[in-house]
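1. make a model of this:
(one chain, ligands or ions: 1)
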Amino acid sequence: MPALMSSRFLLLVGESFPIRRALATHKNASSLLHTSIHCMSQVEPPNHGSLTLSSVGFQGEVDKPINKGGKSSSKVKPLLGSSPGSLKSKGIGKPIASSEKKKAFGIVERKKQQIEAAPFAAKSFSELGLPLVLIERLEKEGFSVPTEVQSTAVPTILQNHDVIIQSYTGSGKTLAYLLPILSSIGPLMNKVSKSASGGDSGGKMGIEAVVVAPSRELGMQIVREFENILGVENKKVV
Ligand SMILES: Nc1ncnc2c1ncn2[C@@H]1O[C@H](COP(=O)(O)OP(=O)(O)OP(=O)(O)O)[C@@H](O)[C@H]1O
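-> Numbering: from 1, shown residues only. Modelled structure (predicted):
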């Protein structure tokens, strides 16, 4: 199963995703089913060991006794040797604000941005900041005008943002994330850097990108799209 990505995270939601079904039951579903690119902040991973209840400040035990009337009630059982009054004075039992949780885990959240449509309608792939070698391959395959989702996503990903792309099926989501990948790694770019450095650098390449797909069928569809762009001479690398 092929899979996407380098250091970035990208989630694709298409026709086949259950979210469609969930949205179908939503009152304003139709207004939600449009193209949108969520440019995510990069969340820095915490480095505080394993996640435990006590690490998030939960210090009581949940006890659910059955009342005589058959109704169950839940209450937090205080720790041994702690009276409810003393717990209150320590601030235990109070709901933990999400900002406090983030602080406890050392999560630093950066600015979030939502782009509902392409900020401009690109008329060619060259306007998106893609390398020439890739544009030539696209033209050879008959791709000359980027779709709306590609116009929006490609420049955003090229600026190293993490993105979530949500758009209708067949809108060109696959190339929207494949093109930024192929513009920095892969055989096309290897050839460019080899000719720039005047020869083969030698060493074997490791895994540079991982694409995760929810089904084998979709995985094969993505492989075919890769093969189209790379051309027959580079087909074996996929
Ligand atoms: N800019 C473009 N110009 C012409 N055809 C394109 C362009 N971008 C993609 N296509 C073609 O449109 C078809 C649908 O694209 P793609 O499979 O990427 O859509 P998708 O949004 O990923 O669909 P799904 O949600 O079903 O996965 C493919 O055959 C693809 O080669």
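
2. contact partners for Ala176?
-> Going by CB atoms under 8 Å, 6 or more residues apart in numbering, Ala176 touches 147, 149-150, 152-154, 157, 165. No exception for glycine: its C-beta is placed from N, CA and C like everyone else's.

3. biggest separation within those residues, which pair?
-> Between any two of those, the greatest separation by CB to CB is 14.6 Å, found for Thr147 and Ile157.

4. looking at those two, which one has more neighbours?
-> Counted by other CB atoms under 10 Å, Thr147 and Ile157 do not tie: Ile157 has more neighbours, with 25 against 19.

5. list the buried residues of the helix ranked longest in the chain.
-> Ordering each helix of the chain by length in residues (DSSP state H) puts helix 216-230 first. By neighbour count with 16 or more other CB atoms under 10 Å, helix 216-230 contains the buried residues 218-219, 222-223, 225-226, 228-230.

6. repeat that for stretch 173-192.
-> Quick answer for stretch 173-192 (16+ other CB under 10 Å): 173-183, 186-190.

7. near the ligand too, which of these?
-> When CB under 6 Å from any ligand atom is applied, the members of the buried residues of stretch 173-192 adjacent to the ligand are 173-175.

8. so of the residues you listed, which ones are in helices?
-> Using DSSP H, these in helices are 173-175.

9. okay, now the unreliable bits of this structure?
-> The chain contains residues with pLDDT under 70 at 1-94, 109-121, 189-205, 234-238.

10. which positions in it make contact with the ligand?
-> By the rule CB under 6 Å from any ligand atom, the part of the chain lying against the ligand is 14-15, 143, 145-147, 150, 167, 169-175, 225.

11. among those residues, which two are most distant?
-> Across the residues of the chain next to the ligand, no pair lies farther apart than Glu15 and Val145, at 22.7 Å, counting by CB to CB.

12. ok, back up a step: give me the helices and strands touching the longest helix of the chain, please.
-> On a contact count with 3 or more CB pairs under 8 Å, 6 or more residues apart in numbering; DSSP states H and E, helix 216-230 meets helix 132-140, helix 173-182.
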